[in-house]
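Student: Pasting the sequence and the predicted model now:
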2 protein chains.
Amino acid sequence: MDEMLGFFEDIQQDLQVVERELRSVVRTQNSLLTETSIHLLNAGGKRLRPALSLFGAKFYNFNLEKVLPLAVALELIHMSSLVHDDVVDASMTRRGAPTVKAKWGNSISTHIGTYFFARSLILLARYEETPLISKILSDTSVKMCEGEIQQISASFDLQQSLRDYLYRIKRKTALLIAASVQLGAVACGAPRSIHLPLRRYGHSIGMAFQITDDILDIVSNQGQLGKPVGGDLRQGIITLPVIYALARSDRQERLEELVHKVEKSEEEVQESIRIIRGCGAIEYSFEIALKYIRKAKEELKSLPNIPTRLTLSSAADFVGIRKF
Amino acid sequence: MDEMLGFFEDIQQDLQVVERELRSVVRTQNSLLTETSIHLLNAGGKRLRPALSLFGAKFYNFNLEKVLPLAVALELIHMSSLVHDDVVDASMTRRGAPTVKAKWGNSISTHIGTYFFARSLILLARYEETPLISKILSDTSVKMCEGEIQQISASFDLQQSLRDYLYRIKRKTALLIAASVQLGAVACGAPRSIHLPLRRYGHSIGMAFQITDDILDIVSNQGQLGKPVGGDLRQGIITLPVIYALARSDRQERLEELVHKVEKSEEEVQESIRIIRGCGAIEYSFEIALKYIRKAKEELKSLPNIPTRLTLSSAADFVGIRKF
């Protein structure tokens, strides 16, 4: 996924400022808290949401100072949800590095996640004059939790529709990405005619991003993914390729049995993957992702034709072709 | 602790409105999320923070509509921290009822806690005209997390001073109580000459409240407490009576050994309690709590002499005499 960094060239210097600010705001008197926070920041991440907010800001009177607190807050909210996610799924690695949970336990993870979230609020409080920013982000945060809970209540549940899946990934991923692009513009004072198409662009690439993520969890390999393949299957998370395969595969009954099993052996995970790959589920899921990518690019047409517009268009294409 | 409800008589009807609102805001499409939220609300709680915000509001142009979103948000923030605390300490009961964690697991607890917190932000977004409310509550939330992390990093650590302890309980308890009384008045438009003394009053009763809580954990019994006595000792949380006893008891070395032990038998917990009770640690801690109570009552003197002032004064006294 590192190729995505190529799109960040235009904003590389600004992103470095974001990175410095990120490190500065999480620092605190408590050494355990500082150590854990720095570990999380060092574990990487593409800073996709800050980058998207900077791109959004380019469409209207770009001013780094105005968008900086937002950019940092978006990454903190995102990282907060990753850390809380680690409490959930008991996964012990993320991006190849040990998760906070594996290193410090559930309790620390929970509080660090909340700490990052609360820290973001202090930054957002600077946008007194632009209450839309806080409003959209509180609404998004509530919906992100709903998505997570939905994912847990639906785990190992074979009766899921495409609609359930889309409801879930919208909350889990797309809304925060949509908010990132939109609010970058809002922070610089952009009117609705600019920030609404940006939001819709963000929503569509967010959906495509999660779908390709879910595809990669099945067709990638551990080296590329930075975590074991089939993680979703192991956790009982029913993603789009699985929903398709459960409905269409000629080995449907065997797949039901495998997916439903709470403790799967490595061989059972591999067998599930073979069934899913063998029935056209990957191609189908990829088609849905492509629909969102086309929609995203369509949204860009109503925006001013600045160089960033082309960058966002290429970024949308990239979501569809990354590493598989 | 149910006697405290006596002080709430003047505001009982308003508290019922808060209760209805609380139940209405947590409702959502997801049935697991709604079920868990209602379970948490039914598990009780005195609604101390909403009540204190209503009392604060009485000092300046009381208007229930103005203070209601704040009152509900305060309880949500408090409950969020309780639920996240349950992830931390692995305690399986709270107030006699099974905790969310015991019933639904760590992952759900983490997300419900964050859900409550995020819900509170939507309510707080209504105070666009009064940015002080969001500012104080984001700052308080960050510090609450710092307090929790501090508690974890200091667990089983025998080298703790009174100062470390006060730093911790300020963040863990006092700041949110201080904010509750202060912001109730702020929400109704009160000037600094009113909301600042209220904040200081709240800070002092918050400190006293946590100290008596820590005393009760040692001298109470399971029936009164609604959870097993000695819980803090078991979790390695070094509270004020323990700090005193470690410095002053003539059985100091044995206590060090017992407190430091990560897995304590019931007999070892009881032995620790006997050593702590036997050296004057309870009387000492009670003295410190009383100092805060006197300070709280002192703060009230600069406020208008309305009936609520007497209620707050009695409430402060009550913190010192509850159930032991």
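Tutor: Sure, I can see it.
Student: Report the helix or strand with the lowest average pLDDT across chain A.
Tutor: One helix or strand of chain A scores below all others by mean pLDDT, DSSP states H and E: strand A:93-94, with a mean of 50.
Student: Give the buried residues for the helix or strand harbouring A:Leu216.
Tutor: Per DSSP states H and E, A:Leu216 falls inside helix A:192-219. Judged by neighbour count (16 or more other CB atoms under 10 Å in any protein chain shown), helix A:192-219 contains these buried residues: A:194-195, A:197-219. C-beta: built from backbone N, CA, C; applies to glycine.
Student: so for it, what's the average pLDDT?
Tutor: The average pLDDT within helix A:192-219 is 97.
Student: Contacts only, for the closest residue to A:Leu176 other than its chain neighbours.
Tutor: Setting aside the residues directly before and after it, A:Leu176 is nearest to A:Thr140 in space (CB to CB, 6 or more residues apart in numbering or on different chains), at 5.6 Å. Contacts of A:Thr140 were listed using CB atoms under 8 Å, 6 or more residues apart in numbering or on different chains, and they are A:Ile77, A:Leu175, A:Leu176, A:Ala179.
Student: Tell me how far the helix or strand where the last one lies lies from the chain's centre.
Tutor: Secondary structure assignment for A:Ala179, by DSSP H and E: helix A:175-187. Mean C-alpha position of helix A:175-187 versus that of the full chain (CA atoms, centre = their mean, to the nearest Å) differs by 14 Å.
Student: nearest spatial neighbour of the spatially most central residue of chain A, skipping sequence neighbours?
Tutor: Compute the mean C-alpha point of chain A, and by CA atoms, centre = their mean the closest residue is A:Thr173, 4.4 Å away. If you skip the residues right next to it in sequence, A:Thr173 has A:Gln210 as its closest partner in space, 4.1 Å away by CB to CB, 6+ apart.
Student: What of A:Ala51?
Tutor: Nearest in space to A:Ala51, with sequence neighbours left out and distances taken as CB to CB, 6+ apart, is A:Phe8 at 5.3 Å.
Student: residues near that neighbour, how many?
Tutor: Neighbour count for A:Phe8, taken as other CB atoms under 10 Å in any protein chain shown: 19.
Student: does it really touch A:Asp14, like I thought?
Tutor: No - A:Phe8 lies out of contact with A:Asp14 (CB atoms under 8 Å); the separation is 9.2 Å.
Student: circling back: can you check the contacts of A:Thr140 and name whichever has the most neighbours?
Tutor: Among those, A:Ala179 has the most neighbours (other CB under 10 Å), with 28 neighbours.
Student: And that one, how far from A:Phe55?
Tutor: In this view, A:Ala179 and A:Phe55 are 13 Å apart by CB to CB, to the nearest Å.
Student: Please enumerate the shared neighbours of those two.
Tutor: The contact sets of A:Ala179 and A:Phe55 do not overlap (CB under 8 Å, 6+ apart).
Student: before we move on, back to that, which among the contacts of A:Thr140 gets closest to chain B?
Tutor: Chain B lies nearest to A:Ile77 out of the contacts of A:Thr140, by CB to the nearest CB, at 9.8 Å.
Student: contacting residues around that closest one?
Tutor: By CB under 8 Å, 6+ apart, the contact list for A:Ile77 reads A:Arg49, A:Phe116, A:Phe117, A:Ser120, A:Leu137, A:Thr140, A:Ser141, A:Leu176.
Student: which one of these is nearest chain B?
Tutor: A:Ser141 (3.8 Å).
Student: can you tell me the helix or strand for the nearest residue to that closest one once chain neighbours are set aside?
Tutor: Leaving aside its chain neighbours, A:Ser141 sits nearest to B:Ala118 (3.8 Å; criterion: CB to CB, 6+ apart). When elements are assigned from DSSP H and E, B:Ala118 belongs to helix B:106-124.
Student: Check which helices and strands that helix sits against.
Tutor: Contacts defined by 3 or more CB pairs under 8 Å, 6 or more residues apart in numbering or on different chains; DSSP states H and E place helix B:106-124 against helix A:64-89, helix A:106-124, helix A:131-153, helix B:12-26, helix B:31-42, helix B:64-89, helix B:100-104, helix B:131-153.
Student: Lowest average confidence across those helices, which one?
Tutor: Across the helices and strands packed on helix B:106-124, the lowest-scoring stretch is helix B:100-104, with a mean of 64.
Student: helices and strands around the helix or strand where A:Tyr165 lies, which ones?
Tutor: Assessed by DSSP H and E, A:Tyr165 sits inside helix A:162-169. Contacts defined by 3+ CB pairs under 8 Å, 6+ apart place helix A:162-169 against helix A:131-153, helix A:192-219, helix A:240-248.
Student: Export those helices to a markdown table and append columns for distance to A:Ala125.
Tutor: A markdown table is the format used below for the helices and strands packed on helix A:162-169 (distance: least, CB to CB, whole Å):
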| stretch | distance to A:Ala125 |
| --- | --- |
| helix A:131-153 | 8 |
| helix A:192-219 | 21 |
| helix A:240-248 | 38 |
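Student: Okay, buried residues for stretch A:256-266 please.
Tutor: Per 16+ other CB under 10 Å, stretch A:256-266 contains these buried residues: A:Leu258, A:Val259, A:Lys261, A:Lys264.
Student: closest to A:Ser37 among the residues you listed?
Tutor: Distance to A:Ser37 across the buried residues of stretch A:256-266 (CB to CB) is lowest for A:Lys264, with 34.5 Å.
Student: Now do the same contact list for that closest one.
Tutor: Contacts were defined as CB under 8 Å, 6+ apart; by that measure A:Lys264 touches A:Leu233, A:Arg234, A:Leu258, A:Ser272.
Student: Could you do A:Ile38 as well?
Tutor: Taking CB under 8 Å, 6+ apart, we find A:Ile38 in contact with A:Arg23, A:Val26.
Student: before we move on, back to that, just to be sure, the residue nearest to A:Ala51 is in a helix?
Tutor: Yes - using DSSP: H, G, I helix; E, B strand; the rest coil, the secondary structure at A:Phe8 is a helix.
Student: can you tell me how far it sits from chain B?
Tutor: Separation of A:Phe8 from chain B (CB to the nearest CB, to the nearest Å): 29 Å.
Student: Likewise for A:Glu253?
Tutor: 28 Å.
Student: Same check on A:Asn63?
Tutor: A:Asn63 sits 21 Å away from chain B, taking CB to the nearest CB as the criterion.
Student: Dihedrals phi and psi, the residue nearest to that residue when sequence neighbours are not counted?
Tutor: With sequence-adjacent residues excluded and distances taken as CB to CB, 6+ apart, A:Asn63 is closest to A:Cys188, at 5.6 Å. For A:Cys188, the backbone dihedrals (degrees, to the nearest 10) come out as phi -90, psi 10.
Student: A:Cys188 touches A:Asn61, doesn't it?
Tutor: Yes - when contacts are counted by CB under 8 Å, A:Cys188 is listed as touching A:Asn61 (4.9 Å).
Student: Neighbour count: these two, which is higher?
Tutor: Neighbours per residue, other CB under 10 Å: of A:Cys188 and A:Asn61, the larger number sits with A:Cys188, 23 against 11.
Student: Now do the contacts for the more buried one.
Tutor: A:Ala57, A:Tyr60, A:Asn61, A:Phe62, A:Asn63, A:Lys66, A:Val67.
Student: I'd like to know which of the residues you listed are buried.
Tutor: Among those, those classed as buried by 16+ other CB under 10 Å are A:Ala57, A:Tyr60, A:Phe62, A:Lys66, A:Val67.
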